[in-house]
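1. Got a predicted structure plus its sequence, pasted below:
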Amino acid sequence: MEELKELRFNENNVQLKDNLVKGSILPEKIAELGRTITVQGNSVIEGAVYAHKLEIQQGDSEIRGAVFTQLEMYVNSEAKGNISFKKSVGSANSIVSRSLNCNLMFYSDINAKSVTLYNAFVAGSIYADDIILQNCVVIGGVFATQNIDVTNSIVGTFNSPSVKAAQQVWLLLPSAFSIEKIITIPGTKFYNLSLADLGSLYKGCKQSLNSGKIEMNLDTDEVKTTLTSEEMQKTLRSYTVVGKVLAADLLDIDKFQNHFLLTAASLGSQLLKNYDLGVNEKGETVTLTFDKIRNFFFDILHGKIEVQEINGKFDISDITGKFNTQDEGNKQYNQFSNQQKQSKKNAEFSEIKLVNLKLNNIGPKRQIIVRLIRDFKKIDVVKTMKLLESIPVNIAENISDEEAKNFAKELRDAGATVEIVSNT
């Protein structure tokens, strides 16, 4: 490998083959902003790279500094060997790799307008408008402003208005998000690894009880949240097993070592030398390297490492039951005590005067009144506006006299006309 300590390229095209570049490849004048850099194989660039277009034709290739391209960062579809980017990679336009025969590794984040990756390992997160992943592992999150198309991949989480999925999708974190309902082809399965004993699997040890993958149901595990402002209303869909994870946290899951293992992938090789994952069943120290972590997750993805299944439909009482040590006498005492407290509350409640609050005129500060009513009633803009279509109208019913007076003052200060009406 020829060592290049200084780069004095005057031409627009730079080709590297069997080269070690000791510095960075950065433009020094305007004419060099349109430079195309082609790596033909067996090359290392120790510094940062800026190019109009960067093409990796063949491995082994390694870029140790940050990378930014104006047009495209492209890995040839026929590339083989190891291709690695040690720092973050960005492009004003696209980052593309459809090679199925190379080991493509990103040690940090990816940021571009569009990202298409096949057979890639990303220790960080991906940020783009449109993202296509096939046979990939992304330890961090996959965040798109428009679309995500994911096929047979492991990701930390995802968040995008539109998501398409095929084959198997594995989540490392409890939840993922979309605005539109996820589109899947028949036979697609979602698994969550939040409760998998990844530490034991990495060490080749027996998996802990009450650990494993959870098969997700996109219908029953979907939670809708309505986000509103005075101008718009949107529905956010979350696909989550967070309730099951919270329940399991009553158990000792620190021994799973999941969080440390996921974080370790983004540590530099020098830092990883200072850590290990303990010992395996043979008493041997289990070392952590980037390549081992990459291979571990791809072995899960390809079924070479089998993660046992945990029933995602378990009842929280199945887990918390063992913490209930009260005998039957204590249970009866608590039941009697609760009945006494409830009786006292009922007696106090019967003495409270309940009234209605009637809005007769909204006044000139319509937006302020809408906001006050929304906050008080905990309803969205649409329901609030529908309520105000029939003024005069009761905007609060069966509330205490004191509560009605306080709310009426807020509304009157904002210019509305209201009255407190007895509901008897």
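-> Nice, I can see it. Values in this document were obtained by computation on a predicted structure and should not be read as measured data.
2. where does the chain have low pLDDT?
-> Residue ranges of the chain with pLDDT under 70: 1-11, 242-256, 266-274, 311-352, 424.
3. Just say helix, strand or coil for the most centrally placed residue in it.
-> When C-alpha atoms, centre = their mean is applied to the chain, the residue found nearest the centroid is residue 157 (3.3 Å). Under the three-state scheme (DSSP: H, G, I helix; E, B strand; the rest coil), residue 157 adopts strand.
4. Ok, residue 144 next?
-> strand.
5. Run through the residues that contact it.
-> Listed by C-beta atoms under 8 Å, 6 or more residues apart in numbering, the contact set of residue 144 reads 127-131, 158-161. Every C-beta, even on glycine, is put in place using the N, C-alpha and C of the backbone.
6. Might you calculate how far stretch 204-213 sits from the centre of the chain?
-> 24 Å (C-alpha atoms, centre = their mean, to the nearest Å).
7. Roughly how far does residue 363 sit from residue 372?
-> Counting by C-beta to C-beta, to the nearest Å, the gap from residue 363 to residue 372 is 11 Å.
8. I misspoke; the intended subject was residue 17.
-> Separation of residue 17 from residue 372 (C-beta to C-beta) stands at 70 Å.
9. Mind checking which of the two has more residues around it?
-> residue 372 (19 against 15; other C-beta atoms under 10 Å).
10. wait, is that one part of a helix?
-> Yes: assessed by three-state DSSP, residue 372 belongs to a helix.
11. what's near enough to touch it?
-> 407, 410-411, 414.
12. May I ask which of those has the most neighbours?
-> Most surrounded of those: other C-beta under 10 Å gives residue 411, at 22 neighbours.
13. can you tell me which helix or strand that residue belongs to?
-> helix 401-413 (DSSP states H and E).
14. helices or strands next to the helix or strand just after that helix in the packing?
-> The helix or strand immediately downstream of helix 401-413 is strand 417-422, counting by DSSP H and E. For strand 417-422, the packing partners by 3 or more C-beta pairs under 8 Å, 6 or more residues apart in numbering; DSSP states H and E come out as strand 354-361, helix 401-413.
15. Run through the strands of the stretch 151-300 of the chain in chain order.
-> Assigned by DSSP state E, counting those that start in this stretch, the stretch 151-300 of the chain shows strands spanning 162-171, 175-178, 183-184, 189-192, 214-216, 222-228, 233-240, 276-279, 285-287.
16. Now mean neighbour count and distance to residue 263 too, for the ones you listed, in TSV please.
-> Below are the strands of the stretch 151-300 of the chain laid out as TSV (neighbours: other C-beta atoms under 10 Å; distance: least, C-beta to C-beta, whole Å):
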stretch	mean neighbour count	distance to residue 263
strand 162-171	20	17
strand 175-178	21	19
strand 183-184	14	30
strand 189-192	20	19
strand 214-216	21	22
strand 222-228	12	27
strand 233-240	16	22
strand 276-279	14	12
strand 285-287	12	16
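17. could you dump those to TSV with distance to residue 368?
-> Formatted as TSV, these follow (distance: least, C-beta to C-beta, whole Å):
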stretch	distance to residue 368
strand 162-171	36
strand 175-178	32
strand 183-184	41
strand 189-192	44
strand 214-216	43
strand 222-228	16
strand 233-240	19
strand 276-279	58
strand 285-287	62
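18. Those: which one's closest to residue 34?
-> strand 162-171 (34.3 Å; C-beta to C-beta).
19. Now do the closest one: distance to the chain's middle.
-> Here strand 162-171 is found 13 Å from its chain centre; the criterion is C-alpha atoms, centre = their mean.
20. Describe which strands it pairs with in its sheet and in which direction.
-> Sheet pairing of strand 162-171 (DSSP bridges) gives strand 137-160 (parallel), strand 183-184 (parallel), strand 189-192 (parallel).
21. That strand to strand 233-240, inter-axis angle?
-> Taking axes from the mean of the first three to the mean of the last three C-alpha atoms, to 10 degrees, strand 162-171 and strand 233-240 form an angle of 20 degrees between their directions.
22. Now tell me what touches strand 162-171 from outside.
-> 146-157, 178-180, 182-185, 187-194, 213, 216, 300-301.
23. hmm, which of those are the buried ones?
-> Among these, those buried by neighbour count (16 or more other C-beta atoms under 10 Å) are 147-157, 178, 182, 184, 188, 190-194, 213, 216, 300-301.
24. count of neighbours near residue 109?
-> A total of 18 residues lie near residue 109 under the criterion other C-beta under 10 Å.
25. which residues sit in contact with it?
-> 88-89, 124-127, 140.
26. do residue 15 as well
-> Contact analysis of residue 15 by C-beta under 8 Å, 6+ apart lists 37-38, 40.
27. Would you mind giving the secondary structure of it?
-> Under three-state DSSP, residue 15 comes out as strand.
28. gap between it and residue 404?
-> Relative to residue 404, and taking C-beta to C-beta, residue 15 is found at 80 Å.
29. returning to that earlier point: now distance to residue 202 too, for the strands paired with strand 162-171, in TSV please.
-> Listed next are those as TSV, based on distance: least, C-beta to C-beta, whole Å:
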stretch	distance to residue 202
strand 137-160	13
strand 183-184	30
strand 189-192	18
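30. Show me where this structure has its helices.
-> 198-203, 242-248, 258-264, 269-272, 290-301, 316-320, 328-350, 366-377, 381-388, 401-413 (DSSP state H).
31. Could I get the contacting residues of residue 358?
-> Residue 358 touches 392-395, 418-421, counting by C-beta under 8 Å, 6+ apart.
32. Tell me which two in the residues you listed are the farthest apart.
-> Maximum pairwise distance among the contacts of residue 358 (C-beta to C-beta): 14.3 Å, between 393 and 420.
33. Comparing these two, which residue is more hemmed in?
-> Here residue 393 and residue 420 are set side by side on neighbour count (other C-beta under 10 Å), and the busier one is residue 420, at 15 against 11.
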